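K.L.:
any chance you can model this:
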Amino acid sequence: LALFAGDTGEIKQEIRDQINNKVAEWREEGRATLVPGVLFIDEAHMLDMECFAFLNRALEGDLAPVMVMATNRGLSNIRGTRYSSPHGIPLDLLDRCMIVATEPYSLDETRAILKVRCTEEDVDMADDALELLTRIAMETSLRYAIHMIITSSLAAQKRKSSLVELRDVQRVYKLFVDVKRSTKFLMEYQDEFMFNELSTNNKKLETDEAQGNKVDQQEDTANNEEKMEE
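P.N.:
Numbering: from 1, shown residues only. All right, here's what the predicted structure looks like:
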């Protein structure tokens with residue numbers, strides 16, 4: 001009705017307070033039970049200080065949901081500031097959280113995950129191909145190996161086969177490189193690219209090291225002269 005009336009603004013605070021008071025009254029009388037929702041925030045390190053301040057305030061209420069945050073950052077700067085904090089999250093908010101430690105997947109767990117993924121993608125993969133894909137996941141990353149499932153299936157379809165074999169995974173591995181191989185390639189052929197900041201940074205580091213060595217030599221010479229005078 002608000003849309004047809006032209007009132008598209010936010011719900012007034014008075015109405016929110018009335019609803020909260022009514023819910024609190026029903027809870028005290030035993031007529032209602034509050035079931036908190038779940039707020040899942042992926043890549044939590046992308047939030048800035050204003051967002052974290054809002055979350056801090058929201059978690060203090062009785063109707064606050066269960067908040068789950070996920071991040072892959074270690075010690076990094078809080079977005080929009082120069083302050084460093086674990087996972088890029090302010091310490092006062094971290095103090096309210098229960099941190100769940102994670103460990104790398106084992107070989108058997110990685111194989112099981114890839115097998116489930118193949119089932120979800122309707123990809124029939126041979127045992128030796130799955131074993132190679134598991135080894136690739138352990139050496140590179142699980143995400144890269146998961147992406148290889150579909151591409152290997154397409155390579156098998158191109159040769160008119162419904163079964164992904166070992167040669168299909170090998171072909172895809174040669175065509176699409178992972179982050180480590182891509183970084184190695186860029187390091188080897190960095191000077192042949194049109195825009196290259198790495199060589200400039202290396203030259204700057206070499207210049208700084210040369211200047212530092214020169215200063216050290218001057219200090220050594222001055223110390224030797226002082227010793228000679230003594």
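K.L.:
please point out which parts of stretch 159-177 sit buried.
P.N.:
Using 16 or more other CB atoms under 10 Å as the test for burial, stretch 159-177 gives 164, 165, 166, 168, 169, 171, 172, 173. Placement of C-beta: from N, CA and C, glycine included.
K.L.:
any idea how far the fourth one lies from residue 152?
P.N.:
As defined by CB to CB, to the nearest Å, residue 168 lies at a distance of 5 Å from residue 152.
K.L.:
which stretches of this structure form helices?
P.N.:
Secondary structure of the chain (DSSP state H): helices at 2-5, 13-29, 49-58, 91-94, 107-120, 127-139, 142-158, 166-175, 179-188, 197-229.
K.L.:
residue contacts, residue 129?
P.N.:
152, 164, 165, 166, 168, 169 (CB atoms under 8 Å, 6 or more residues apart in numbering).
K.L.:
repeat that with 6 Å
P.N.:
Counting by CB atoms under 6 Å, 6 or more residues apart in numbering, residue 129 makes contact with 164, 165, 166, 169.
K.L.:
just checking, the first one touches residue 125?
P.N.:
Read that as residue 164. Yes - Residue 164 is within contact range of residue 125, at 4.3 Å (criterion: CB atoms under 6 Å).
K.L.:
quick one on the thing from earlier: can you tell me which of the contacts of residue 129 is nearest residue 12?
P.N.:
Of all the contacts of residue 129, residue 12 sits closest to residue 164, with 58.6 Å by CB to CB.
K.L.:
quick one: the closest one and residue 148, what's the gap?
P.N.:
As judged by CB to CB, residue 164 and residue 148 stand 10 Å apart.
K.L.:
centroid residue for this protein?
P.N.:
Residue closest to the mean C-alpha point of the chain, counted by CA atoms, centre = their mean, is residue 72 at 4.1 Å.
K.L.:
contacting residues around that one?
P.N.:
Counting by CB under 6 Å, 6+ apart, residue 72 has no contacts.
K.L.:
got phi/psi on it?
P.N.:
Phi and psi for residue 72, reported as degrees, to the nearest 10, are phi -110, psi 20.
K.L.:
residue ranges with poor pLDDT in this protein?
P.N.:
Flagging of the chain using pLDDT under 70 yields the residue ranges 1-9, 195-230.
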